[in-house]
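K.L.:
Need a 3D model of the sequence below.
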Amino acid sequence: MKVIVIGGGWSGCMAAITAKKAGAEVALYEKTDMLLGLGNVGGIMRNNGRYTAAEELIALGTGEFIHVTDENTKHKNIDFPGHKNAWLYDVNKIEPAVGRYLKAMDIEVNMITRVVNIKKEDNKIKGIYLSDKSYVAADAFIETTGSAGPMNNCLKYGNGCAMCILRCPAFGGRVSISSKAGIEDLKGEREEEGVYGAFSGSGKLAKGSLANDIVEQLDATGVLIVKVPKEDVNLDKLKLKVCQQYALKEFAENLILIDTGDVKLMTPYYPLEKLRKIKGFENAKYVDPYAGGIGNSIRYVSIAPRDDSMKVNDLDNLFCAGEKSGLFIGHTEAMATGALAGYNAVKNCLGLPPLILPRTLAVGDIIAYANEKMQTSEGRKNRYTFAGAEYFKRMKELGLYTLDKNEIKSKVENLDLTNIFNKKLI
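P.N.:
Okay, the predicted model is just below:
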């Protein structure tokens, strides 16, 4: 049995692992020269409800990347406005570590290889076409192409191409596989009628471009909060952000800096001229996106309708994960959806009933809840993350949030799901 994963972000890499562990031959296709996509500029793990979700994934037997990020963590148990217990991984070390992990598992990884079309018979995908016109057949397919790009979307709904880590001009824009298969994709919406998508919520500054005292504090504590000049406070910018868990007044009135190897600046964009007027930032330079003074990438413009097993509706053998599967924010969320997609792709090929993660687990509930919310216009204006906003509040109300590892292990064990993702199916 062969499973093809299209897209090498956190969800795609996770889907490849669970499909491989289930016994399939797995080939992953990534259009750029780096795995992880937005994971190369993210770096925040275990904050708020993500701690619970991370431990659930470990108990379920799919904690591989939780362990990899833990091993590459620069700072542990960091607090910043609205967030507690954050672990910050080093974005400059994580991608090679993931690549080595996939190679050790004998997963075929094809880099700078862009999937541009599919061959379909009835409701079944038979194979993929690459940009060099070659064709590859498989039994099941998992789309994890994300929801940002191509450039036209950043031009239409944003401030133009800000030259982000996805690098569409160099490697080509995202291609929606579900759309190529005849499925109409959904879009995240904004408060303004007819405007879709949202800006990525942060940028990266070169650490060496900041004043020594700023660097020293970031190295020591992992976080620094600097007052924004009163005349430059822009509360309206909060409405544009992907990351609604950061849409707090504190994030408009302050520069919130987080040390993830490069310095994560928790705002979609900040004019460089204004930034350099602030003490310590006189030499500040963006490293992602390079045009972070004027804009950022636009996301949530291509989401596949799917069920709670991660199978795309009306297609027999296409699964999805990560942002392609819903209005999710974050690496842990991507890992959870990817793990389920990879496992169920193999079960589907074998004619076995899919695994639906129970809603008594945070990872199961967010998959089902986000899917329900996608069915309404109001729900498409929200974003779903273990880390804050609407969903973290729900976690706490339902009693799904806990920092007690033993409690999480016991809950998974009582559901008879311990190490379910380590189960070989073939």
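K.L.:
Next, please give the residue ranges for the strands of the stretch 201-350 of the chain.
P.N.:
Along the stretch 201-350 of the chain, counting by DSSP state E, counting those that start in this stretch, strands occupy 203-205, 223-227, 254-260, 262-265, 286-288, 298-299, 318-320.
K.L.:
Which of those sits closest to F141?
P.N.:
F141 sits nearest to strand 318-320 of all those, at 5.0 Å, using C-beta to C-beta. C-beta here means a position set from N, CA and C on the backbone, and glycine is covered the same way.
K.L.:
ranking the strands of the stretch 201-350 of the chain by burial, who's on top?
P.N.:
Among those, the stretch with the highest mean neighbour count (mean count of other C-beta atoms under 10 Å) is strand 318-320, at a mean of 31.
K.L.:
Tell me where the model's unsure across the stretch 151-300 of the chain.
P.N.:
For the stretch 151-300 of the chain, applying pLDDT under 70 flags the ranges 234-251.
K.L.:
Let's see that with 80 instead.
P.N.:
For the stretch 151-300 of the chain, residues meeting the criterion pLDDT under 80 lie at 193, 231-252.
K.L.:
Leaving out chain neighbours, which residue sits closest to H75?
P.N.:
Closest residue to H75 apart from its sequence neighbours, by C-beta to C-beta, 6 or more residues apart in numbering: G222 at 3.2 Å.
K.L.:
typed the wrong thing, it's K279
P.N.:
Per C-beta to C-beta, 6+ apart, closest to K279 is A211, 7.5 Å.
K.L.:
Hmm, F281 and that neighbour touching each other?
P.N.:
Yes. Under the criterion of C-beta atoms under 8 Å, A211 makes contact with F281 at 7.4 Å.
K.L.:
the more surrounded of those two?
P.N.:
F281 (22 against 15; other C-beta atoms under 10 Å).
K.L.:
so who does the closest residue to that one other than its chain neighbours touch?
P.N.:
Excluding its sequence neighbours, the residue lying closest to F281 (C-beta to C-beta, 6+ apart) is L275, at 5.2 Å. Residues near L275 by C-beta atoms under 8 Å, 6 or more residues apart in numbering: 255, 281, 284, 293.
K.L.:
since we're on the last one, how many residues are nearby?
P.N.:
Burial of G293 is recorded as 19 neighbouring residues (other C-beta under 10 Å).
K.L.:
Just the mean pLDDT for the top helix by length along the chain, thanks.
P.N.:
Across the chain, the longest stretch assigned as helix under DSSP state H is helix 331-349. Mean pLDDT, computed over helix 331-349, is 98.
K.L.:
Could you number the chain from 12 rather than 1 from now on?
P.N.:
Sure thing, new numbering starts at 12, so read that last one as helix 342-360.
K.L.:
what helices or strands is it leaning on?
P.N.:
For helix 342-360, the contact count by 3 or more C-beta pairs under 8 Å, 6 or more residues apart in numbering; DSSP states H and E identifies strand 13-17, helix 21-32, strand 55-56, helix 61-71, helix 75-82, strand 151-154, strand 329-331, helix 373-384 as packing neighbours.
K.L.:
Flag every buried residue along the last one.
P.N.:
When neighbours are counted by 16 or more other C-beta atoms under 10 Å, the buried residues of helix 373-384 are found to be 373-378, 380-382, 384.
K.L.:
What distance do you get for the residue lying closest to L68 once chain neighbours are set aside to V312?
P.N.:
Counting by C-beta to C-beta, 6+ apart, L68 lies nearest to G74, which is 5.0 Å off, once chain neighbours are set aside. Relative to V312, G74 is positioned 31 Å away (C-beta to C-beta, to the nearest Å).
K.L.:
Between those two, which has more neighbouring residues?
P.N.:
More crowded of G74 and V312, by other C-beta under 10 Å: V312, with 25 against 18.
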